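J.: Structural data only, the sequence is not supplied:
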């Protein structure tokens, strides 16, 4: 088939390579322009190295973008990790329209941080959706979905890189085949089941040690590695990554005060929360590098009795 790729970064590059590996023709690649000082977009670099036509429009609404899509004369458009708004005038140009990847089970978790939030909210399952882009936010008809369990030890990194990324690449190829062959059954999303979550950024990643242990644990793993759940110690920002949840048989057995470092070991340190403790295995101060909890203790940065978040 003859396709256009609209996307960016590693996921866009992997989708491009998956279609090329099958022998599909890539008529054009659309990438957002890099911001000044940003790293080169690996999708753009890969496409140019392969001699493909690459467009970088500030807006896909621009007449030049619409004309470039028409000139591509593609069977289908493939949207792989797109942060630019793509209007209907643009996405409807390919003969079979356009399909888009979203890393949640739509209509749940519409929005830009749809991998973080299911983990933060304690979901035991998530997945991905290939759907038709519309002018609404992640509201178009569903072409296919794939699910994956979320284990108690999963993080944002493990869910995305180990599962949603490779599953998503293959799902885009599968969905494109269904659409171009006329075999897909598109299902309208049930608005009564829809939910929207905004960005998970620094403000949302701040740890409240007074919350229950499950809440704190899920927030940390849902922000690991990005944006990185954080707290403060003596006015310095401390990001916390790899952790274990520590439970006690009785509430009275929970040591120390909320937010207090109540145990240090050669490998970690423990922080008291409501109903338990969080054992920190890896963390970093804002002006330092990521270290094991034990290394921070040995460096004197963390000591028993310290209060975090105060």
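T.: Received it, and whenever you're ready, just let me know what you need. This structure is a prediction, so every number in the text was calculated from the model and none was measured.
J.: tell me the SS of residue 182?
T.: coil (DSSP: H, G, I helix; E, B strand; the rest coil).
J.: so is the residue of the chain most remote from its centre in a helix, a strand, or just coil?
T.: Within the chain, the residue lying farthest from the chain centre (CA atoms, centre = their mean) is residue 252, at 38.3 Å. Classification of residue 252 using three-state DSSP returns helix.
J.: cool, residue 139 as well?
T.: Per three-state DSSP, residue 139 ends up coil.
J.: follow-up on the earlier one: tell me the pLDDT at the residue farthest from the centre of the chain?
T.: Listed pLDDT for residue 252 reads 83.
J.: now do the one 3 residues further on
T.: Among the per-residue scores, residue 255 holds a pLDDT of 91.
J.: Pop out the phi and psi values for the nearest residue to residue 1 once chain neighbours are set aside.
T.: With sequence-adjacent residues excluded and distances taken as CB to CB, 6 or more residues apart in numbering, residue 1 is closest to residue 75, at 4.6 Å. Quick note: C-beta positions are derived from backbone N, CA and C, even for glycine. Phi and psi for residue 75, reported as degrees, to the nearest 10, are phi -70, psi -40.
J.: correct me, but residue 229 touches residue 207?
T.: Yes. Here residue 229 reaches residue 207: they are 5.3 Å apart, a contact under CB atoms under 8 Å.
J.: higher neighbour count, the two?
T.: Shown here are residue 229 and residue 207; by other CB atoms under 10 Å, residue 229 has more neighbours (27 against 24).
J.: beta partners for the more buried one?
T.: Beta-bridge pairing for residue 229 (DSSP bridges): residue 240.
J.: distance of it from residue 241?
T.: 8 Å (CB to CB, to the nearest Å).
J.: what sits in contact with each of those two?
T.: Contact criterion CB atoms under 8 Å, 6 or more residues apart in numbering; residues shared by residue 229 and residue 241: residue 220.
J.: okay, now the domains of the protein?
T.: Per the record, the chain has its domains at 2-193, 213-298, by automatic domain parsing.
J.: Flag the shaky bits of the chain, pLDDT-wise.
T.: Applying pLDDT under 70 to the chain flags no residue at all.
J.: Dihedrals phi and psi, the residue nearest the centre of it?
T.: Central residue of the chain (CA atoms, centre = their mean): residue 115, 4.5 Å from the mean position. Here is the backbone geometry of residue 115 (degrees, to the nearest 10): phi -90, psi -40.
J.: shouldn't it be in contact with residue 101?
T.: No. Shown here, residue 115 and residue 101 do not form a contact pair, counting by CB under 8 Å, at 11.9 Å.
J.: Packing partners of the host helix or strand of residue 283?
T.: Using DSSP states H and E, residue 283 sits within strand 282-285. Counting contacts by 3 or more CB pairs under 8 Å, 6 or more residues apart in numbering; DSSP states H and E, strand 282-285 packs against strand 236-240, strand 291-292, helix 293-298.
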